[in-house]
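Enquirer: Can you look at this prediction? I've put the sequence above it.
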Amino acid sequence: MTQADAPAPPLSSIWSDVDPVAAFGCDYADARARFLAAARARGLDVETHVLPGHRGPAGEELAADVAVLGPATSPAALVLTSATHGVEGFCGSGCQVALLRDDAFAAYVERRGVAVVFVHAINPWGFAHVARTTEDNVDLNRNFRDFAAVRRNEAYLEIHDFILPASWPPPPEQEARLAAYLGERGAGALQAALTTGQSDRPDGLFYAGRKATWSQQVIRDVLRRHARRERLGWIDFHTGLGPSGHAEKIFAGPDDAAMLARARAWWGCDVTSIYDGSSTSAQVTGMLFNAALGECPDSAYAGIALEYGTLPMPEVTQALRARHWLAAHPEATARQRAAVLKLTRDAFFVDTPAWKAMVAGQARAAALQALAGLATGGTS
Ligand SMILES: [Zn+2]
C-alpha cells in the first residue's frame, strides 16, 4: 500500500497552527519576499520568470515565481495562481504563503501524493502598480482566446464613452448617462456589458487584447512543464465580487457538464457556474482555464476561480474607472494618484485581520478538497 492509497484523515481533523494574517504582504515586493522565504523554508526550488522591460513603483524587479510542493512525478497536480488580476494578488499571495507555511498542509500533500504548483503573481505588473490589468492594459482573464475569431462587443461599445471618466471625479454629464443606463437596463446589464471582455478598444476597460500577453506565455510554459498529469486541478484566486470575505467557488472550465460534475465532486455542490446563471459573474470569455485545456489536453481537469467579496459592486466599479483614468493621466497630482491607488487597493483587498483569516481559511479548505479529489480521481 502506498502513501497515496492509505486511508486519509477527515479534512476537518487537519488543523493549522499558522497565523494566516501574517502571510499577507503590504505591497507586491513585500508579498513576493514572503512567498520566496516561505518556499525556501519549505525546501523548495523557486523558478523565476522576470517580466522584461518593466519595473515596480520603487524600481524593483517584477516576476512570476513558481514553486512545486509534493512529489514531482505524481499523476496528479493542483495549480494555485495569484494576481491574475494584478491588485487581486494581495489576497491570492497571502493564501499561497499561508499554505506554504502550513506543516499540516504539507504533510497532507505528501500523504495524498499530489504535486501543488504555486504560481505567485502571474501578472506582477498589475500587482505592483495596484491595477487589475497587465502592463499592456489587458484583462488577463479575458486574454485566452482565438484572436482570429474575435467579434465586436456592441454592448461594451455602447457604454465605453461614459464608463471611462474624462476627469476624476467623473463629470456630472457622464454620471447622468451612467445613471440613465442603469435605470433603463439595470445593474446586471451593466455588469455584462462591462465585464464580458472586449477587443475593440485597447484603451478601454476589460480589454481582452489582440495577442497573447507575456503572462499568458508564462502560464502556458508552466503548465506544459509541471501540469501534464493524469489529473489536474486549478484554483485561481480572485477578489471583488460577492459578499465581503465570502469565497464563491466559480467553475473555471468550458460549458461541459462532465467537467462541471467533476468540479462539484471535488469542491462540493456549491460550485457555481457562469453558464447556468448560478454565479455572481457574468458570462465572460477568454479565461485562463483555456490554457489548461490547450496545454494539458490529456489531463482529467477541473478548476475553480475562488472569488472573494470585498466591497459592493458599485464601489468596485468606481475604483476600476478611477484607476483607468489614472493610467491615462500621468499628469495627475501626487495626491490624486495616492487617493486613486488607495481606492483601488481597498476595492480588491480588505486589509483587516478578520477578512484575511476568512479568505485564508477558505483557500485552505478548497485546496484540501482539491487534494482529496485529485488523489482518488473524485471517487471518495
Ligand atoms: Zn479577478
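Expert: Thanks, I have it. Being a predicted model, the structure only gives us computed values, none of them experimental. Residues are numbered from 1 along each chain as shown.
Enquirer: And the lengthiest strand in the chain, what's buried?
Expert: Ranked by residue count and defined by DSSP state E, the top strand of the chain is strand 231-244. Buried residues in strand 231-244, defined by neighbour count with 16 or more other C-beta atoms under 10 Å: 231-242, 244. For every residue, glycine as well, the C-beta is placed using N, CA and C.
Enquirer: How about stretch 27-35?
Expert: 27, 28, 29, 31, 32, 34, 35.
Enquirer: Would you reformat the residues you listed as a markdown table and include secondary structure?
Expert: Listed next are the buried residues of stretch 27-35 as a markdown table, based on DSSP: H, G, I helix; E, B strand; the rest coil:
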| residue | secondary structure |
| --- | --- |
| 27 | coil |
| 28 | helix |
| 29 | helix |
| 31 | helix |
| 32 | helix |
| 34 | helix |
| 35 | helix |
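Enquirer: low-confidence ranges in the stretch 1-150 of the chain?
Expert: Applying pLDDT under 70 to the stretch 1-150 of the chain flags the ranges 1-13.
Enquirer: what do you get if the cut-off is 90, keeping everything else the same?
Expert: 1-18, 72, 148-150 (pLDDT under 90).
Enquirer: can you list the residues of it near the ion?
Expert: 85, 88 (C-beta under 5 Å from the ion).
Enquirer: separation between the nearest residue to residue 27 once chain neighbours are set aside and the ion?
Expert: In this structure, residue 27 finds its nearest non-sequential neighbour in residue 128, 7.3 Å apart by C-beta to C-beta, 6 or more residues apart in numbering. Noted for residue 128: a distance of 16 Å to the ion, by C-beta to the ion, to the nearest Å.
Enquirer: Next: residue 364.
Expert: From residue 364 to the ion the distance is 20 Å (C-beta to the ion).
Enquirer: which helices and strands does the longest strand of the chain pack with?
Expert: Applying 3 or more C-beta pairs under 8 Å, 6 or more residues apart in numbering; DSSP states H and E, one finds that strand 231-244 contacts strand 76-81, helix 89-100, helix 289-295, strand 300-309, helix 313-328, helix 334-348, helix 353-376.
Enquirer: Pull the distance from that strand to the chain's centre.
Expert: For strand 231-244, the separation from the chain centroid amounts to 6 Å (computed by C-alpha atoms, centre = their mean, to the nearest Å).
Enquirer: what does stretch 155-168 give?
Expert: Distance, centroid of stretch 155-168 to centroid of chain: 25 Å (C-alpha atoms, centre = their mean).
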